[in-house]
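> Build me a model from this:
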Amino acid sequence: MKTEVISIEELLQAIQNKNKKITSLVEENVYLKEKIDALIRQRFSPKSEKFPSNQPGLFGGEEEVIVEEDTEVIEYTRKKGGRKKPPADLPRVRVEHDIDEADKMCSCGCKMHIIKELISEQYDVIPAKFQIIENVRFVYGCRCGEKPKTTPVPPMIIPRSQVTASFLATVAVQKFEDALPLYRQAKIYKNRFRVPFTDSTLASWLIKGSEAIESVIERLKLRLLENEYIQADETTLQVLKEKNRKATQKSYIWLGVGMDKYPVVYMQYADNRSGTVPTEIFRGFTGYLQTDGYQGYNPVVRSEDITQLGCWAHARRKFADIVKSNKSSQESQKYANEVLILIRKLYKIEKNIKDKPPDEKTFIRKELSLPIINDIRAWIDSKFFKAQELGGSIAKALVYLNNQFAKLSVYIYDGRLSIDNNKAENHVRPIALGRKNWLFATSVKGANAIANWYSIIETAKLNGLEPYFYLKYLLTELPVYQRDGKDIEELLPWNVDKGALA
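Coordinates of the predicted model:
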């Protein structure tokens, strides 16, 4: 039997290859442990970005790192001096509580008189109630045999349906703003009001209603592209019945938020996350486009006259996860803590200048923020290769920060621009909340309806309008405008008088 002879060089090479593979597997294991830890914290831990006081600082005696929250935090504190008075514009119902007539007689024999009234106020609510609108039309005729005349059909948002504008607005707001699934709404209507709706009926109304407001959605997209500054984002959506696709495959809702001229939130459904979608959405746009760094936006940036901005919140979050992780090494946490302190200084400057005009913001940023940006650039250069040796999350965080750095610095030079993409994230967040309740869209038509209703509701909110009252107004007036050939521009949220919606 012949024995194969292996040379010393081949044996050393084999050992070296094995060592490389072991090192690679160890680094991957560290990264996966950090990733699992981050996912567990994301699922079960509070979403605060306030760090524990035992985290190391960049300098001796440095204060604890507290990264500004991505969302507004409202603290409810009870002030001294009692409870707040109910709003003056709420209707009042006077209920008098009097003593018996016999008790009004004084011991001296005289009848007592009222000295003063003591009024205490309580909140009360009138439960929702169903009523039937009977639309009565008349047919007129003459004995001469001339063709009868019939009262025209009044314009309705969904012709020949049983749903009014008010009821459709209620169903839409309860699902897309209040995250109440249609089957729960149907159950409430049946049990509480004895109205036998099914969730499929409500879904059909929402789909038909979304098709009826398509002209408004198209107008919102046109106005979005007329802005000079847009924030963009995307989120997943599961659609059960899509042609040539499995129910488990991810689909997406893409959105753009107008940040200057027109306060628009435009959303669009797509069955993929490729660069063809933003290329279609933002075709013809010129100006600033702020994203989270996803490469799918690069094609439209290259094809149009667009300057791309990065998002410091996304860059910060990657290091914040390392600081909060129980699986990251002390050296990784130290590096992450160092850059978080610098990023925090940028956010502190933004907090102090948030109410100043753009020109003044630009001046202050160049004077105060630019030196910090330069410090971060120097920090990246000094730590980059060491972070790659450490591997895991700190390596990936530095790669992201390094690759995005030029885009992250753009906001310095124009006071109209934001340090992060949080406004877009805030408008995409209701979809994430809704998914936890209604889970998925059944069909592509349903997915398009979701995008349309969220576009209207989030745009209303961005313009300071209460979604229900605006939707009721829009769904009532739109059919009339379409019948009369009037320009629907007057119906867009920024053109509507808030007083007309009450």
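> Help me confirm that residue 267 is found in a helix?
No: under DSSP: H, G, I helix; E, B strand; the rest coil, residue 267 sits outside any helix and is assigned strand.
> tell me what the helix or strand where residue 482 lies is packed against?
Assigned by DSSP states H and E, residue 482 falls within helix 467-484. Contact partners of helix 467-484 among helices and strands, from 3 or more C-beta pairs under 8 Å, 6 or more residues apart in numbering; DSSP states H and E: helix 165-176, helix 199-212, helix 214-225, helix 444-462. Placement of C-beta: from N, CA and C, glycine included.
> which stretch among those helices comes nearest residue 434?
Closest to residue 434 of those, according to C-beta to C-beta: helix 165-176, at 6.5 Å.
> before we move on, the earlier item: out of the helices and strands packed on helix 467-484, which is closest to residue 132?
Relative to residue 132, the nearest member of the helices and strands packed on helix 467-484 by C-beta to C-beta is helix 165-176, separated by 11.1 Å.
> which residues are contacting that closest one?
If you take C-beta atoms under 8 Å, 6 or more residues apart in numbering as the criterion, helix 165-176 is touched by 156-158, 163, 180-182, 185, 202, 205-206, 209, 430, 434, 438, 450, 453-454, 457, 467-468, 471-472, 475-476.
> in it, what counts as buried?
Neighbour counts using 16 or more other C-beta atoms under 10 Å place 165, 167-176 of helix 165-176 among the buried residues.
> Can I get the residues you listed in a markdown table including distance to residue 237 and pLDDT?
As requested, the buried residues of helix 165-176 are exported to a markdown table (distance: C-beta to C-beta, whole Å; pLDDT from 0 to 100):
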| residue | distance to residue 237 | pLDDT |
| --- | --- | --- |
| 165 | 27 | 94 |
| 167 | 26 | 94 |
| 168 | 22 | 96 |
| 169 | 23 | 96 |
| 170 | 23 | 95 |
| 171 | 20 | 95 |
| 172 | 17 | 96 |
| 173 | 19 | 95 |
| 174 | 19 | 94 |
| 175 | 14 | 93 |
| 176 | 13 | 93 |
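> out of those, who's nearest residue 311?
residue 176 (25.4 Å).
> With residue 430 as the reference, measure out to the closest one.
To residue 430, residue 176 is 7 Å away according to C-beta to C-beta, to the nearest Å.
> so what sits against both of the two?
Taking C-beta under 8 Å, 6+ apart as the criterion, residue 176 and residue 430 both touch 454, 457.
> Please enumerate the strands of the stretch 101-250 of the chain.
139-140, 149-150, 229-241, 250-258 (DSSP state E, counting those that start in this stretch).
> Using CSV, write down the CA coordinates of the longest one.
Yep, that's strand 229-241 we're talking about. Extracted C-alpha coordinates of strand 229-241, given in CSV (Å, rounded to 0.1, in the frame of the first residue of the first chain):
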residue,chain,number,x,y,z
TYR,A,229,-35.5,68.3,0.9
ILE,A,230,-37.0,64.8,1.4
GLN,A,231,-36.4,62.2,4.0
ALA,A,232,-37.0,58.6,2.9
ASP,A,233,-37.3,55.2,4.6
GLU,A,234,-38.9,51.8,4.0
THR,A,235,-40.4,49.0,6.2
THR,A,236,-41.5,45.4,5.7
LEU,A,237,-45.0,44.2,4.9
GLN,A,238,-46.2,40.6,4.6
VAL,A,239,-48.6,40.0,1.7
LEU,A,240,-50.2,36.6,1.7
LYS,A,241,-51.4,36.4,-1.9
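> Tell me which strands that strand pairs with, and in which orientation.
Taking DSSP bridges as the criterion, strand 229-241 forms sheet pairs with strand 250-258 (antiparallel), strand 287-290 (parallel), strand 441-443 (parallel).
> got TSV for the ones you listed, with mean neighbour count and distance to residue 351 too?
Below are the strands paired with strand 229-241 laid out as TSV (neighbours: other C-beta atoms under 10 Å; distance: least, C-beta to C-beta, whole Å):
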stretch	mean neighbour count	distance to residue 351
strand 250-258	22	21
strand 287-290	23	19
strand 441-443	17	39
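> rank those by pLDDT, which is bottom?
Looking at the strands paired with strand 229-241, the lowest mean pLDDT belongs to strand 441-443 (a mean of 85).
> Grab the nearest non-local neighbour of residue 387.
Excluding the flanking residues, the one nearest residue 387 by C-beta to C-beta, 6 or more residues apart in numbering is residue 398, at 4.4 Å.
> Correct me if wrong: that neighbour contacts residue 386.
No: at 9.3 Å, residue 398 does not count as touching residue 386 under the criterion of C-beta atoms under 8 Å.
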